[in-house]
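In: Got a predicted structure here, sequence first:
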Amino acid sequence: MTENELSKVVFDLGLKIHKKFGAGLFESVYEECLFYELKKAGLKVEKQKTLPIIYEELRIENAFRIDILVENKLILEIKTVDFINDVHKAQLLTYLKMTNCKLGLLINFRTDIFKDGVKRVVNGL
């Protein structure tokens with residue numbers, strides 16, 4: 001599947017979860033539910049994946065943590081915040097650059113309308 005096809009699957013499953021629970025749960029609950037749904041859909045997914053950063057000869061283990069990585073192509077950053085801001089987008093863009101992934105979804109479950117909380121962040125797509 002392409003990144004765009006994967007993002008459609010993620011959106012649909014996120015919407016399913018949001019319809020069931022609404023906007024009032026902790027980020028970790030939405031992450032677990034989405035991880036479960038993605039696995040159930042037969043996709044390769046990893047959650048809380050830690051990755052290093054290499055700076056010259058220095059290797060910093062566990063420098064950042066990806067909420068969910070789908071098929072080694074799509075990064076999901078899960079939030080439950082009042083507003084998505086530029087720092088959240090910059091964080092996801094950094095993850096994309098560090099992994100050479102092309103697409104990430106910033107998913108904020110704390111919205112009345114699910115689609116309003118989903119933002120695409122691209123890295124050369």
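Out: Okay, I see it. A quick note: this is a predicted structure, and the numbers were derived from the prediction, not measured.
In: Do a quick rundown of the helices in the chain.
Out: For the chain, the helices defined by DSSP state H cover 3-21, 27-40, 86-99.
In: wait, what's in contact with the nearest residue to L103 once chain neighbours are set aside?
Out: Nearest-residue entry for L103: E3, 3.9 Å, with adjacent residues in sequence omitted and distances by Cβ to Cβ, 6 or more residues apart in numbering. Every residue, glycine included, has its C-beta placed from N, CA and C. E3 makes contacts with 73-74, 101-103, 125, as judged by Cβ atoms under 8 Å, 6 or more residues apart in numbering.
In: Among those, which are located in strands?
Out: The strands, defined by DSSP state E, take in 74, 103 from these.
In: since we're on the closest residue to E71 other than its chain neighbours, how many residues are nearby?
Out: Sequence neighbours aside, K44 is the residue nearest to E71 in space, at 5.2 Å (criterion: Cβ to Cβ, 6+ apart). A count of neighbours around K44, defined by other Cβ atoms under 10 Å, yields 11.
In: how near is K44 to L38?
Out: 9 Å (Cβ to Cβ, to the nearest Å).
In: Can you pull the residues that touch both of these two?
Out: In contact with both K44 and L38: V70, using Cβ under 8 Å, 6+ apart.
In: Give the full set of residues in contact with N62.
Out: Residues near N62 by Cβ under 8 Å, 6+ apart: 50-52.
In: list the contacts for the nearest residue to Y95 once chain neighbours are set aside?
Out: Distances taken as Cβ to Cβ, 6+ apart place I75 nearest to Y95, at 5.3 Å, with adjacent residues excluded. The neighbours of I75, taking Cβ under 8 Å, 6+ apart as the test, are 66-69, 92, 95-96, 99, 101, 103-105.
In: For I17, which non-adjacent residue is closest in space?
Out: C33 (4.8 Å).
In: returning to what we had before: need the contacts of E3 in a markdown table (columns: neighbour count, pLDDT and distance to L13).
Out: What follows is the contacts of E3, written out as a markdown table (neighbours: other Cβ atoms under 10 Å; pLDDT from 0 to 100; distance: Cβ to Cβ, whole Å):
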| residue | neighbour count | pLDDT | distance to L13 |
| --- | --- | --- | --- |
| K73 | 17 | 96 | 16 |
| L74 | 26 | 97 | 12 |
| C101 | 23 | 95 | 19 |
| K102 | 17 | 96 | 20 |
| L103 | 21 | 97 | 16 |
| L125 | 13 | 67 | 21 |
